[in-house]
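Asks: Attaching a predicted model along with its sequence, questions to come.
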Amino acid sequence: MLKLESVDLNVSNGHEDFSILKGIDLELEDNKFYALTGPNGGGKTSLAKVIMGIYKNNKGKIFFDGLDITNLSITERAKAGISYAFQNPPRFKGMKIEELLKISADNNSLRARLRAVGLCPQDYLDRECDTSLSGGEMKRIELATVLSRPSKVVMYDEPEAGVDLWSFESLLQLIRNYHKKGNVISIVITHHERVLSLADEIILLADGKITERGPREKVLPLIQKESRCCWQANCGGNDDEIECY
Amino acid sequence: MMKLNAIENELLKNVADLHKIPSGAVNIRKNGEGVLRHSTANIEVRPKSDKPGIDVIVAPGTKNEAVHIPVMITMSGVIDVVYNTIIIGEGADVTVVAGCGIHNSGSEKSQHDGIHEIIVKKGARMRYIEKHYGEGEGSGTRVLNPQTLLIMEENSMAEMELVQIKGVDNTVRDTKAKLAEGASLIVTERLLTHGNQEAVSDMTIELNGKGANAQVISRSVAKDTSKQVFTPVVIARANSKGHVECDSIIMEQGKISSTPAITAEHPDAQLTHEAAIGRIAEEQLLKLMTLGLTEEEAEDVILRGFLQ
Ligand SMILES: Nc1ncnc2c1ncn2[C@@H]1O[C@H](COP(=O)(O)OP(=O)(O)OP(=O)(O)O)[C@@H](O)[C@H]1O
Ligand SMILES: [Mg+2]
């Protein structure tokens, strides 16, 4: 189980502090598949980074399987079985895809990992993880690095971003298969209706707070309603109207 | 046949990837003297008569052969200056493995200044690899100052790999290349300095003939309080192409100055350059740490990738 207790996150730009996460209380149970969603800038990535240890929370505590991990480093949390697939995975000049994958996968499974994310090992093992890779290719490699690890918590940050519509379903299957192996909490940060419809539970994060959480049957209709701009009902006018009323 | 001791084996392995004495054309120079020399039917290796050094003459049309000319310095206090001339005959296609390893366990300076003149004749191809390596527990400094003049005739090709990853305290590298019509040159430079080492690399490439093409790709890392200065210059005097790229990582208090320069003296010349210096990107470290590496391990993996 993963548990957050009154977690706050502030960041400073040198002049002033911004509050990004505000009093997050969250309990996530083993073997559940969660979807974390909400408007852009709501704090989803920040929450994942706090759990991974990339951002240090300013207040509150984080427990993992009963252990207080609030003060553990990223490396220690990774070794304890927490994984995070980046929304914008960094590129590495000069580093071959093979070398990046080898950090988490053993030699035997390298090729299988690439094949699983839809990249032909022959074409990709030797390529550099630099800016020559397309956005979708990089997201697939990111997924491969994470799925090669034995994890107990996996957070996928918008795995659909940049991935073509035709392949996303198979990547999603991969994430689900990893989940089905058992003994893992899966958290998919997403704006994708298909992912939401598969989740055991949906968590809605907006303005740094959890505004809604529950089984998909309950939360999905709420989101569908809320995410639409109700200009027709509220403001009237045509859809080329420039101002809001 | 000559026997090598453990130190010599280590040096040869590091500068020339040699695990034993090669069977082909070879010249091994140790502490200022040639200790092993061997020619083949197509590649002649002979000592110069007027000054220290050798001539390497590759017969026209020689294919798929390599010549190894490593230099070792295993004593403290040796200053070795050597002049080598390498001529790659017309239409040949060969690899030249040069390089110098210094093991200095004493307190005096050990220095090797290799002065090379390389002529790649019409239509010939050459791959040239020069690695520098230093080791030894002594306080004596390890100094390497290579000077290379590369003359490339019509439609010749050359690839030069210049690598210095460890243990050289002081280097001033001076590389000049003159390319005739249709000649093509790729220089890749890899440099890592640490402690308070200093490295200077000056390079001037002249594109003198139509269709000549040169690319310089330099990647370097300066750690601790080390310093590096790069000045690659490409001058185009004909309808030709040149590109210079310098990419550097600084760590701790390392200092790097890189000033690529391009000069066009012909209206159809196409020249570009880019240079970047910065720390390791934070996101890269974070990503690798989320895979369970410590910060130091992550740095290592990133630098190894960057410099290969
Ligand atoms: N390091 C930072 N410095 C300054 N502001 C930050 C930093 N990280 C996040 N923020 C701000 O915090 C807020 C939440 O960002 P976050 O990336 O967590 O949102 P998100 O919900 O993942 O959005 P999206 O759906 O666009 O990915 C945003 O307003 C963002 O600008
Ligand atoms: Mg985000």
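Replies: Cool, the structure landed. Residues are numbered from 1 along each chain as shown, chains lettered A, B, ... in the order given. Ligands and ions are numbered 1, 2, ... in the order given.

Asks: what's the nearest residue to the residue in chain B positioned nearest to ligand 2 if we skip its chain neighbours?
Replies: When you check chain B against ligand 2 by Cβ to the ion, the closest residue turns out to be B:E283, at 13.9 Å. Just so you know, the C-beta spots here come from the backbone N, C-alpha and C atoms, and that holds for glycine as well. Once flanking residues are discounted, B:E283 sits nearest to A:P90: 3.9 Å by Cβ to Cβ, 6 or more residues apart in numbering or on different chains.

Asks: for that neighbour, what are its contacts?
Replies: A:P90 sits next to B:A281, B:E283, B:Q284, B:L286, B:K287 when contact means Cβ atoms under 8 Å, 6 or more residues apart in numbering or on different chains.

Asks: rerun that using 7 Å as the cut-off
Replies: Contacts for A:P90 (Cβ atoms under 7 Å, 6 or more residues apart in numbering or on different chains) come out as B:A281, B:E283, B:Q284, B:K287.

Asks: Now intersect these with the helices, please.
Replies: B:E283, B:Q284, B:K287 (DSSP state H).

Asks: I'd say the second one and A:R91 touch.
Replies: No. With contact defined as Cβ atoms under 7 Å, B:Q284 does not count as touching A:R91 (8.1 Å).

Asks: what's the spacing between the residue nearest to B:E283 and ligand 1?
Replies: 14 Å (Cβ to the nearest ligand atom, to the nearest Å).

Asks: now the residue sitting nearest the centre point of chain A: how far from A:K96?
Replies: Centroid check for chain A by Cα atoms, centre = their mean gives A:D157 as the closest residue, at 2.2 Å. For A:D157, the distance to A:K96 (Cβ to Cβ, to the nearest Å) stands at 24 Å.

Asks: just B:Q147 next, same as before
Replies: B:Q147 is 34 Å from A:K96, by Cβ to Cβ.

Asks: ditto for B:R125
Replies: 26 Å.

Asks: filter the contacts of A:P90 to the buried ones?
Replies: B:Q284, B:K287 (16 or more other Cβ atoms under 10 Å in any protein chain shown).

Asks: could the contacts of A:P90 be laid out in a markdown table, adding pLDDT and distance to B:T263?
Replies: Converted to a markdown table, those look like this (pLDDT from 0 to 100; distance: Cβ to Cβ, whole Å):
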| residue | pLDDT | distance to B:T263 |
| --- | --- | --- |
| B:A281 | 93 | 33 |
| B:E283 | 96 | 37 |
| B:Q284 | 97 | 35 |
| B:K287 | 97 | 40 |
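
Asks: Could you single out the nearest of the contacts of A:P90 to A:G118?
Replies: The closest of the contacts of A:P90 to A:G118 turns out to be B:K287 (Cβ to Cβ; 21.0 Å).

Asks: residues in contact with the closest one?
Replies: Counting by Cβ under 7 Å, 6+ apart, B:K287 has contacts A:F86, A:P89, A:P90.

Asks: Hmm, the first one is touching A:Y156, no?
Replies: No. Here A:F86 does not reach A:Y156: they are 9.5 Å apart, not a contact under Cβ under 7 Å.

Asks: show me what contacts the residue nearest to the centre of chain A?
Replies: A:T45, A:A48, A:Y84, A:A85, A:F86, A:Q87, A:I189.

Asks: and the third one, what does it touch?
Replies: Listed by Cβ under 7 Å, 6+ apart, the contact partners of A:Y84 are A:A48, A:M52, A:M155, A:D157, B:T290.

Asks: Can you say which two of these are spatially most distant?
Replies: Going by Cβ to Cβ, the pair spanning those furthest: A:D157 and B:T290, at 11.3 Å.

Asks: Would you mark the buried spots in the top helix by length along chain A?
Replies: For chain A, the longest helix by residue count, based on DSSP H, is helix A:165-180. Neighbour-count burial for helix A:165-180 flags A:F168, A:L171, A:L172, A:L174, A:I175, A:Y178, A:H179 (criterion: 16+ other Cβ under 10 Å).

Asks: Now pLDDT too, for these, in TSV please.
Replies: Listed next are those as TSV, based on pLDDT from 0 to 100:
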residue	pLDDT
A:F168	88
A:L171	90
A:L172	92
A:L174	91
A:I175	94
A:Y178	94
A:H179	96
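
Asks: can you tell me which of these lies nearest to B:S156?
Replies: A:L171 (48.8 Å).

Asks: Tell me how far that closest one lies from A:A48.
Replies: Taken as Cβ to Cβ, the span from A:L171 to A:A48 is 18 Å.

Asks: check which helix or strand covers A:M155.
Replies: Using DSSP states H and E, A:M155 sits within strand A:153-157.

Asks: Each with direction, which strands does that strand pair with?
Replies: strand A:82-85 (parallel), strand A:185-189 (parallel) (DSSP bridges).

Asks: winner for burial among those?
Replies: Among those, strand A:82-85 has the highest mean neighbour count (mean count of other Cβ atoms under 10 Å in any protein chain shown), at a mean of 26.

Asks: Let's test this: mean pLDDT of it, rounded?
Replies: Average pLDDT, strand A:82-85: 97.

Asks: for stretch B:102-113, same thing?
Replies: In this model, stretch B:102-113 has an average pLDDT of 91.

Asks: Same check on stretch A:211-226?
Replies: Mean predicted confidence for stretch A:211-226 is 83.

Asks: Poorly predicted segments of the chain, please.
Replies: Using chain A. Along chain A, segments meeting pLDDT under 70 span A:225-236, A:242, A:244-245.

Asks: try chain B instead
Replies: In chain B (pLDDT under 70), the answer is B:1-2.
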